[in-house]
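S.K.: Sequence and predicted model, in that order:
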Amino acid sequence: MTSIDFLNKVHRSLDSQEYNLSYSPAKSKNYMLYCNGNFIGGLFDEELCFVYADRVSELLGHPEPVCRGYSSTAQHRMLVIPEEHWEKALKLLYTEKFEWSRLVYDITYTSIGAAVVEDFYDENVVFLRFCFEKKLLKKNPLDRQGRILRMVYLNQDLTEAGKYVFQRLLQKFLAFTDRSGKTNLETMLKRWYIQLEKEYSNQTAG
């Protein structure tokens, strides 16, 4: 059994603009737990449990998982989270389970129509090469002939710096209107990157 007081304590500690928590009843007056509509664990007998995630397990020192769920037949492999690790564990869990698969750039969606993709292709080559050279992407997006290997990029494809810089740089790249060649795209990318790198450095330092 989990008390309303404990549920409110968890909610006060973890519910935020970034992580919106919700609940549904489970057996023995416990609660299943959701974050931004995604199932992440539950409250069982005055304990907070998250579904198993490698990074959370590492944070806790690789404890033995437990089985918890809606009923005796609907069980999930979970980790019991000590209160001092609640916030860090939620961030690690959400990143591993959901943020890594978040779409950050789909070239074909941005460039609607085959002709537009073809016109925009060379500029994307410049953009993606620049991002890899600046260590915003984990893997080289181009083959040895300089051709784009993938048209879709997810959050898990970004480095730590890339998670801050890539999408901001992408927005500037997509809004770049001087397509006549008067202003070199790579020159503009360098200017934008210097500004964003300073912002990222200030944020991490703070």
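M.R.: Received, thanks.
S.K.: What residues are recorded as beta-bridge partners of residue 24?
M.R.: For residue 24, the beta-bridge partners are residue 32 (DSSP bridges).
S.K.: ok, now which ones touch it?
M.R.: 31, 32, 34 (Cβ atoms under 8 Å, 6 or more residues apart in numbering). For glycine as for every other residue, the C-beta is placed from the backbone atoms N, C-alpha and C.
S.K.: neighbour-wise, which of the residues you listed leads?
M.R.: Highest neighbour count within the contacts of residue 24, by other Cβ atoms under 10 Å: residue 32, with 22 neighbours.
S.K.: Now do the contacts for that one.
M.R.: Residue 32 touches 23, 24, 25, 26, 39, 41, 42, 69, 70, counting by Cβ under 8 Å, 6+ apart.
S.K.: hmm, which of the residues you listed are the buried ones?
M.R.: 23, 26, 41, 42, 69 (16 or more other Cβ atoms under 10 Å).
S.K.: pLDDT check: weakest of the residues you listed?
M.R.: Within the set of the buried ones among the contacts of residue 32, pLDDT is lowest for residue 69 (82).
S.K.: Show me where this protein has its strands.
M.R.: Using DSSP state E, the strands assigned to the chain run over residues 21-26, 30-35, 38-44, 47-51, 66-69, 75-81, 103-106, 152-154.
S.K.: OK, contacts around the nearest residue to residue 130 once chain neighbours are set aside?
M.R.: Computed as Cβ to Cβ, 6 or more residues apart in numbering, the closest residue to residue 130 that is not its neighbour in sequence is residue 189, at 4.8 Å. Shown in contact with residue 189 (Cβ under 8 Å, 6+ apart): 126, 127, 130, 169, 173.
S.K.: Residue 189 and residue 176, how far apart?
M.R.: According to Cβ to Cβ, to the nearest Å, residue 189 stands 9 Å off from residue 176.
S.K.: same deal with residue 12?
M.R.: From residue 12 to residue 176 the distance is 45 Å (Cβ to Cβ).
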